[in-house]
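**Student:** Give me coordinates for this.
(one chain, ligands or ions: 1)
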Amino acid sequence: MEVMSAAVAVAVAVTVAVYGWRFLKWVWLLPKAMEKSLRGLGWFTSDRIYHSHYPIKSCHVYNQYSITSDRNVGGVESLVMGFQCTSYNAQCSNIFFTWMGPKPMVHVTKPQLIRQILADYNKFQKPKYGNPLASLLGKGLVDANGDQWAKHRKIINPAFYVEKLKHMLPAFYISCSEMINKWEGITKGGSVEVDVYPHLQTMTSDVISRTAFGSSYEEGRKIFELQHELAKLVVKDMQSIYIPGSRTVKKIINKRLKETTDSTKEDLLGLLLDSNNKEIKQKGNNKFGLSIDEVIEECKVFYFGGQETTVNLLTWTMISLCQHTNWQDRARAEVLEMFGDRKPDIDGLNRLKTINMILHEVLRFYPPGVGMPRMIHEETKVGNLTLPSGSPLILHLMLLHYNAEIWGDDVNEFNPERFAEVVSNATKKQASFFPFGGGPCICIGQNFTMLETKLALVMILRRFSFKLSPSYSHAPHVILAMQPPFGAQLILTFSCFCKCTCVISVGFP
Ligand code: HEM
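**Tutor:** Here you go, the predicted structure:
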């Protein structure tokens, strides 16, 4: 008995010692070593501050929003990322560090370094999320690394080729038409305040359900609604583990695997399965393709990649066009000249120069993703700096987009004119505009999102003029993407600018 007790006591003591040592290493020894190494590079940080990824205004005031009374102000970056801005200004450096829990987080704002890091996806990998719930939102291409990433990207790429997007235009059109119909019903031919944010959310969710699942979109939409709820829980860090919809997605995929008609190949799921089959056939082995579970994860990623980002691009564009009505007028004039009351086609959408400039400026001002995380696994040189292993990095798109040395003194002004020529002319030839990331992992859905957003804008501008409602609060804030947390209350006025009969048909030629 005594021997037993002694053995238990020894086992407990060893366990406590092992875990205690690990804890000490994690919380003190490794951070100290990294700190020493970073300070050796001449960097400093004044405070040891513990902050979550994107604190608002200051790490000390979690969950408070910074609202500006001036709806036309620039300097959005200090509203959204006050803490990082403060550190950035305090350290006056293109590369600086702050503390994330016990780890130093290295912040990079220098364009050449960001380009270099984005180009080398093997050394600078996407981190696995600390919050295990976050991975429930989708574990596909967005967080794959190395060979796994290369395999997924190769198979998924064909689904996003420009010529494939042509076939998705009717789905975009149907979803936009439904929203416009609703707005016509609400405005009843006059003016009314509408929070357009939830409407745009429904529309962009609908687009991704239709384009991902084609005829099975109703079932797909239900899953996405659950995903949306899950995202809210993840953001709140709640501990409920629930994987919504996986069985239903599996059913849709299994059904699809048995179908071979051409029409099923034109949605994202069909294109993905098609490309997967080709890869397996070509290489003669299933291991070169994606499993059903991997296809499910990619569908989830399409939803988050496709919906959370696009809805915010569209919303900030509408808000910006309210703040700068001259640009609203110019955009509408271009739309009417290009299409009149014709249904928009892909060639016309690609030739909308003013709208393209506006969207670029909105992406500069309000990039849906303000920074890209990376992780270093071994001591790595970046420029002439040697970064220690284990350093988490943030590549700051937003701070780059607000750098007056790159963009000029009018950096805080909304001025789409800066994008009138090629993008590099707007940035003194330094590649500094990365709303869709860069290098091999550049956003796979950028053409998809630009096409969808342009089509939606064409349809909105032809039927409505809009201005900010007095109840709108300007408080850009990052949750999963940068969004207006209190909604986007606009006064919509129905005005049939295209002088058509205003009977919306959902058919498409
Ligand atoms: C305004 C809209 C969008 C913005 C601003 C945006 C932004 C980005 C950015 C910055 C990245 C790079 C992330 C990194 O390297 O860490 C990225 C990657 C990605 N995006 Fe988007 N995105 C948008 C729309 C979409 C859409 C519509 C889809 C799909 C339907 C999509 C799917 C993806 C995927 C799968 C990746 C990972 C690519 C890879 O690692 O190879 N995105 N996006």
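**Student:** I'd like to know how far the residue in the stretch 401-509 of the chain that the ligand sits nearest to sits from Arg330.
**Tutor:** Per C-beta to the nearest ligand atom, Gly445 is where the stretch 401-509 of the chain lies closest to the ligand, at 2.3 Å. Yep, even glycine has a C-beta here, placed from its N, CA and C like the rest. Gly445 sits 27 Å away from Arg330, going by C-beta to C-beta, to the nearest Å.
**Student:** before we move on, back to that, how much space between the residue of the stretch 401-509 of the chain closest to the ligand and Leu165?
**Tutor:** Counting by C-beta to C-beta - Gly445 and Leu165 are separated by 10 Å.
**Student:** Over to Lys188?
**Tutor:** In terms of C-beta to C-beta, Lys188 sits 35 Å off from Leu165.
**Student:** Neighbour count: those two, which is higher?
**Tutor:** Ranked by neighbour count (other C-beta atoms under 10 Å), Lys188 and Leu165 place Leu165 first, with 19 against 9.
**Student:** residue contacts, the more buried one?
**Tutor:** Shown in contact with Leu165 (C-beta atoms under 8 Å, 6 or more residues apart in numbering): Ile346, Asn447, Phe448, Leu451.
**Student:** One more: Glu334?
**Tutor:** Taking C-beta under 8 Å, 6+ apart, one finds Leu352, Lys353, Thr354, Ile355 in contact with Glu334.
**Student:** top of those residues by neighbour count?
**Tutor:** Ile355 (25 neighbours).
**Student:** Quick check: buried residues in the helix or strand containing that residue?
**Tutor:** For Ile355, the host element (DSSP states H and E) is helix 353-365. Buried residues in helix 353-365, counted by 16 or more other C-beta atoms under 10 Å: Thr354, Ile355, Asn356, Met357, Ile358, Leu359, His360, Glu361, Val362, Leu363, Arg364, Phe365.
**Student:** tell me which helix or strand of this protein sits lowest on mean pLDDT?
**Tutor:** helix 82-91 (a mean of 55; mean pLDDT, DSSP states H and E).
**Student:** Show the subsequent helix or strand relative to that helix.
**Tutor:** strand 95-100.
**Student:** still on that earlier bit, just the closest of the contacts of Glu334 to the ligand, please.
**Tutor:** Ile355 (14.3 Å).
**Student:** Contact partners for that closest one?
**Tutor:** Ala331, Glu334, Val335, Lys454, Leu457, Val458.
**Student:** Quick one: name the residues of the stretch 101-250 of the chain near the ligand.
**Tutor:** Residues of the stretch 101-250 of the chain lying close to the ligand by C-beta under 6 Å from any ligand atom are Lys126, Leu141, Val142, Arg153.
**Student:** Could you pull up the residues touching the third one?
**Tutor:** Each residue near Val142 by C-beta under 8 Å, 6+ apart is listed here: Lys126, Val301, Phe304, Gly305.
**Student:** got JSON lines for those, with distance to Val194 and pLDDT too?
**Tutor:** Formatted as JSON lines, the contacts of Val142 follow (distance: C-beta to C-beta, whole Å; pLDDT from 0 to 100):
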{"residue": "Lys126", "distance to Val194": "38", "pLDDT": "86"}
{"residue": "Val301", "distance to Val194": "31", "pLDDT": "78"}
{"residue": "Phe304", "distance to Val194": "26", "pLDDT": "73"}
{"residue": "Gly305", "distance to Val194": "27", "pLDDT": "75"}
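**Student:** biggest separation within the residues you listed, which pair?
**Tutor:** Based on C-beta to C-beta, the longest span within these runs between Lys126 and Phe304 and measures 14.3 Å.
**Student:** Of those two, which one has the most company?
**Tutor:** Phe304 (20 against 17).
**Student:** Now that we have the buried residues of helix 353-365, can you turn them into CSV and tack on pLDDT and distance to Thr109?
**Tutor:** What follows is these, written out as CSV (pLDDT from 0 to 100; distance: C-beta to C-beta, whole Å):
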residue, pLDDT, distance to Thr109
Thr354, 97, 30
Ile355, 98, 29
Asn356, 97, 26
Met357, 97, 25
Ile358, 98, 25
Leu359, 98, 24
His360, 97, 20
Glu361, 97, 20
Val362, 97, 21
Leu363, 97, 17
Arg364, 95, 15
Phe365, 93, 17
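**Student:** got any ranges where this protein has weak pLDDT?
**Tutor:** 1, 37-93, 101, 129-139, 214-266, 383-384, 498-509 (pLDDT under 70).
**Student:** now do 50
**Tutor:** Applying pLDDT under 50 to the chain flags the ranges 46-74, 130-133, 237-244, 263, 503-509.
**Student:** Just give me the longest helix of it.
**Tutor:** Determined from DSSP state H, the single longest helix within the chain is helix 2-24.
**Student:** about what we covered before: next up, the contacts around the residue of the stretch 401-509 of the chain closest to the ligand.
**Tutor:** Taking C-beta under 8 Å, 6+ apart, one finds Phe160, Phe302, Gly305, Gly306, Thr309 in contact with Gly445.
**Student:** which residue sits closest to the closest residue to the ligand within the stretch 151-300 of the chain, ignoring its sequence neighbours?
**Tutor:** Going by C-beta to the nearest ligand atom, the ligand is nearest to Arg153 of the stretch 151-300 of the chain, at 4.9 Å. Nearest in space to Arg153, with sequence neighbours left out and distances taken as C-beta to C-beta, 6 or more residues apart in numbering, is Leu141 at 6.2 Å.
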